[in-house]
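In: Please find the sequence and the predicted model below.
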Amino acid sequence: AWLAKEASTRALVLEAGALPLLVALLRAGIEQGKGNAAYAIAWLAKEAPTRTLIVEAGALPLLVALLHTGTERGKASAAVAINMLANDDPARALILEADALPPLVAL
């Protein structure tokens with residue numbers, strides 16, 4: 001997650017193939033792992049071109065699921081990631097379709 005935090009290393013993280021691994025961790029990891037994956041995805045989503053890749057990789061429904069079932073830290077990380085994804089118009093519609101608003105409001 002920390003490597004994704006720095007702008008200078010985000011591209012390297014993606015080039016290394018981390019995004020599919022982060023999505024897999026969101027899907028089937030332990031709770032702490034899911035929270036860490038959401039945190040890394042939130043940082044990766046700071047870059048506009050990466051947002052599309054994140055959505056296409058299937059992270060959005062998994063982030064929404066984490067809002068419902070995650071630890072407090074996991075929920076917070078998922079909320080930040082969804083917030084970053086919402087900077088793109090197409091992703092906003094998908095966020096609404098994924099019914100992310102009720103759990104976001106509940107936080």
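Out: Yep, it's here. A quick note: this is a predicted structure, and the numbers were derived from the prediction, not measured. Numbering: from 1, shown residues only.
In: Give me the distance between the residue lying closest to Ala86 once chain neighbours are set aside and Ala38.
Out: Nearest non-adjacent residue to Ala86, counting by Cβ to Cβ, 6 or more residues apart in numbering: Arg92, 5.3 Å away. From N, CA and C alone the C-beta is placed, and that goes for glycine too. For Arg92, the distance to Ala38 (Cβ to Cβ, to the nearest Å) stands at 19 Å.
In: Give me the nearest residue to Pro67, chain neighbours excluded.
Out: I think there's a mix-up here, since residue 67 is Leu and not Pro. Going by Cβ to Cβ, 6+ apart, Leu67 has Pro103 as its nearest residue, at 3.7 Å.
In: Please identify the helix or strand for that neighbour.
Out: Using DSSP states H and E, Pro103 sits within helix 101-106.
In: Report the backbone C-alpha coordinates of that helix in PDB.
Out: The C-alpha coordinates for helix 101-106 follow below in PDB (Å, rounded to 0.1, in the frame of the first residue of the first chain):
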ATOM      1  CA  LEU A 101     -24.500   5.500  -1.200                       C
ATOM      2  CA  PRO A 102     -26.400   3.800   1.700                       C
ATOM      3  CA  PRO A 103     -23.300   2.300   3.300                       C
ATOM      4  CA  LEU A 104     -21.300   5.400   2.600                       C
ATOM      5  CA  VAL A 105     -23.900   7.500   4.400                       C
ATOM      6  CA  ALA A 106     -24.000   5.000   7.300                       C
END
